[in-house]
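1. Quick one: sequence plus predicted model below, questions after.
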Amino acid sequence: MKKFIFLLLFFFSISLIGQNKVNPNLFGFRTSLAFVFFDIQDSIFMNEVKSISPNVLSFPGGFGNFYHLEGAGYGIKLDEIKKYHKQSKIKTVSNLKKIMSNKNHQENYIYDFIEMVKKTGSSAIYDANIISSDLNEVLNIIKLLLDSNINLLGVELGGELSNRSYSHFMNIDNYISLSKLYAKSIREVYKELPIAVVSAPNNRGSIKLENWNNKLAKENFYDAIIIHPYAKIVKGKDVEGRMLTVIPEGADKNDAYEIYKNRAIKYIILDFKLEIDKYNKTYNNKTIWLTEWNLQMSSITGNTLLQALFVAHQLIELASLNNSNIDIATFHNLAGRTISGSMIMSRNNKTNKNASFNSMRIVKELFRDSLFLAHKSEIKKDCFEYCFMLEDGNKKLYYWINWTGEPIKTDVRLTGKKSEYFGENLFDKNSDNTEFQYNMMDFVDSEVKLAPYSVTLFEVINN
């Protein structure tokens, strides 16, 4: 009953024309370890990236807290990892260095990043290493990006430094002191360049993390706060956006994924907004950058149809928010080797597209033009409709997310291009053996029908 009430209240159709313009910088991607596993000279890989049409790309990602401009790859120095991290991270870095050596990667990946940004026409975010770099190195990286005619949206001062893995040397007082120093140095040279600081997760009930946010909120040397929201829909132990253990639920897979589905919808419609409201209350409505977001990473839900629907729905809902102070969002992540995180994945020396790839492919149209939200509603239980349009009304985009296992007939007849992405079961994983369906068709005065477990786009252009 409670779920029904909040969905009914939230999705009461509303007109927001002229108030809620879709922000193109919400369609961004974390590059993570993409350059370790993919060659930007590989036309197959780059054509996949271009087909997504990212508006924002971020760098370095991965081990950005230890990135250096000098040196191969990410310029990571093993002695710094040994000084600041546990044995597991040392092993990971050692393995990455072996991969880079085997591939004969000798140049710094920033040059691959610059080339990718230019080829895709994207803007950029730079995540500065404030742990082991010096001030001049950070300034030189900013200069390199700007001299390369990159549209630099801003600088992040460190990544996830409130996390437990850094607590042996980093606390809020140290972070404020360090970030103030770097912010001052950047401001002296680049006065208009936005600077964002690392907030702490506000949904874990931790006094230490609450103290981090309360102290940081009293400062005024930054322009935005960074948050990394991950939707936790399975029970178990989690850390830094990843599930370490999963507690089984339900009588079978169908039962379990119905539970996960309900949590995913609740997160998108209610929990995420409550989380943002809490940040806004603490930080007095400071601008927010979501520089990582995804479903909580797990081998259970990774690369499933459920993740595909979640990614599409979360991004469409994010674009529809009225008077939002979320300026930038970058999905985790563009490409890499994790089945639960990477949109494009390297597996057995082959480029594979995971479940979230076609979700992004179908949602990208929302961020191409200056669109406004016309209305949104829950047309049936667990089936959501969004309509966006140009201000002059000459173009409309209808999106539907059908979380049900039943086909649904809508109440509209349309002429235009329909794209749909769907599968048979929420627990199915996208693979060569079980590939989800992606169809594009032209229709004239046609009733719109939604496939079970689907995201559908209908583009209507009035000439």
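-> Noted; the coordinates are in hand. The structure presented is a predicted model; accordingly, all values stated were derived computationally and were not measured. Numbers count the residues shown, from 1 in each chain.
2. how about low-confidence regions in the stretch 351-463 of the chain?
-> Within the stretch 351-463 of the chain, the ranges that satisfy pLDDT under 70 run 463.
3. Mind jotting down where the helices sit in it?
-> Listed in chain order, the helices of the stretch 351-463 of the chain (DSSP state H, counting those that start in this stretch) span residues 355-363.
4. what does the chain give?
-> Taking DSSP state H as the test, the helices found in the chain are 2-10, 34-37, 43-52, 78-84, 87-102, 110-120, 135-147, 172-189, 207-217, 253-266, 272-283, 305-320, 355-363.
5. Which strands or helices does the second one pack on?
-> Just to be clear, that refers to helix 34-37. Helix 34-37 is packed against helix 87-102, strand 335-336, with contacts defined by 3 or more CB pairs under 8 Å, 6 or more residues apart in numbering; DSSP states H and E. In this view, the C-beta of every residue, glycine as well, is placed from N, C-alpha and C.
6. Most tightly packed of those?
-> Ranked by mean neighbour count, those are led by strand 335-336 with a mean of 26 (mean count of other CB atoms under 10 Å).
7. Tell me the strands beside that strand, with direction?
-> Using DSSP bridges, strand 335-336 pairs in its sheet with strand 344-347 (parallel).
8. want to try TSV for the helices of the chain, with distance to residue 161 as columns?
-> What follows is the helices of the chain, written out as TSV (distance: least, CB to CB, whole Å):
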stretch	distance to residue 161
helix 2-10	34
helix 34-37	23
helix 43-52	29
helix 78-84	11
helix 87-102	14
helix 110-120	21
helix 135-147	15
helix 172-189	6
helix 207-217	9
helix 253-266	29
helix 272-283	17
helix 305-320	25
helix 355-363	27
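9. In terms of mean pLDDT, which of these ranks lowest?
-> Lowest mean pLDDT of these: helix 2-10, a mean of 44.
10. Quick one: distance of stretch 296-312 to the chain centre.
-> Relative to its chain's centre, stretch 296-312 lies at 13 Å (CA atoms, centre = their mean, to the nearest Å).
11. what's the span of it from first residue to last?
-> 15 Å (CA to CA, to the nearest Å).
12. list the buried ones in it?
-> 296-298, 300-312 (16 or more other CB atoms under 10 Å).
13. Closest to residue 264 out of those residues?
-> Nearest to residue 264 out of the buried residues of stretch 296-312 is residue 310 (CB to CB; 4.9 Å).
14. Give me the distance between the closest one and residue 329.
-> 14 Å (CB to CB, to the nearest Å).
15. May I have stretch 153-162 exported as CSV, CA atoms only?
-> Output of stretch 153-162 as CSV, limited to C-alpha atoms (Å, rounded to 0.1, in the frame of the first residue of the first chain):
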residue,chain,number,x,y,z
LEU,A,153,33.8,20.9,-17.3
GLY,A,154,35.7,20.8,-14.0
VAL,A,155,38.1,19.1,-11.7
GLU,A,156,37.4,16.5,-9.0
LEU,A,157,39.7,16.8,-6.0
GLY,A,158,40.3,13.1,-5.4
GLY,A,159,38.1,10.1,-5.6
GLU,A,160,36.1,8.4,-2.8
LEU,A,161,38.6,9.5,-0.2
SER,A,162,36.0,9.2,2.6
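16. pLDDT of it, averaged?
-> Averaging pLDDT along stretch 153-162 gives 97.
17. now it: how far from the chain's centre is it?
-> Distance, stretch centre to chain centre, for stretch 153-162: 15 Å (CA atoms, centre = their mean).
18. do the same with stretch 88-98
-> Relative to its chain's centre, stretch 88-98 lies at 25 Å (CA atoms, centre = their mean).
19. Number the residues from 532 up from this point.
-> In the new numbering, first residue 532, that becomes stretch 619-629.
20. From the rest of the structure, what touches it?
-> Among residues not part of stretch 619-629, those counted as contacts by CB atoms under 8 Å, 6 or more residues apart in numbering are 564, 567, 594, 604, 607, 609, 612, 613, 696.
21. make it 7 Å
-> Stretch 619-629 is touched from outside by 567, 594, 607, 609, 612, 613, with contacts defined as CB atoms under 7 Å, 6 or more residues apart in numbering.
22. Distance-wise, check the second one relative to residue 664.
-> Spelled out, it's residue 594. Residue 594 is 12 Å from residue 664, where distance means CB to CB.
23. Over to the first one?
-> For residue 567, the distance to residue 664 (CB to CB) stands at 20 Å.
24. Repeat that for the third one.
-> Relative to residue 664, residue 607 is positioned 12 Å away (criterion: CB to CB).
25. So between the two, which is more surrounded?
-> Per other CB atoms under 10 Å, whichever of residue 607 and residue 664 has more neighbours is residue 607, with 23 against 20.
26. looking at the sheet around residue 902, what are its partners?
-> With DSSP bridges applied, residue 902 shows beta-bridge pairing to residue 921.
27. Test my guess that it contacts residue 921.
-> Yes: counting by CB atoms under 7 Å, residue 921 is a contact partner of residue 902 at 6.3 Å.
28. show me what contacts the closest residue to residue 972 other than its chain neighbours?
-> Closest residue in space to residue 972, ignoring its immediate chain neighbours: residue 949 at 5.1 Å, by CB to CB, 6 or more residues apart in numbering. Counting by CB under 7 Å, 6+ apart, residue 949 makes contact with 972, 974, 987, 989.
29. ok, residue 949 to residue 919 distance?
-> Taking CB to CB, one finds residue 949 at 16 Å from residue 919.
30. same thing with residue 794?
-> Distance from residue 794 to residue 919, counting by CB to CB: 27 Å.
31. So the two - more neighbours on which side?
-> Legend: neighbour count by other CB under 10 Å for residue 794 and residue 919, higher for residue 919 (25 against 17).
32. show me what contacts the more buried one?
-> 553, 897, 902, 903, 904, 905, 928.
33. quick one, domains of this structure?
-> Residue ranges for the domains of the chain, per automatic domain parsing: 552-902, 903-992.
34. From the opening residue of the longest one to its closing one, how far?
-> When the termini of domain 552-902 are compared using CA to CA, they are 6 Å apart.
35. what distance separates that domain from the centre of its chain?
-> 7 Å.
36. what's the residue closest to the geometric middle of this structure?
-> residue 862 (1.7 Å; CA atoms, centre = their mean).
37. That one pairs with what?
-> Residues in a beta bridge with residue 862, per DSSP bridges, are residue 560.
38. Kindly confirm whether my reading is correct that it touches residue 825.
-> Yes: taking contacts as CB under 7 Å, residue 862 lies within contact range of residue 825: 6.4 Å.
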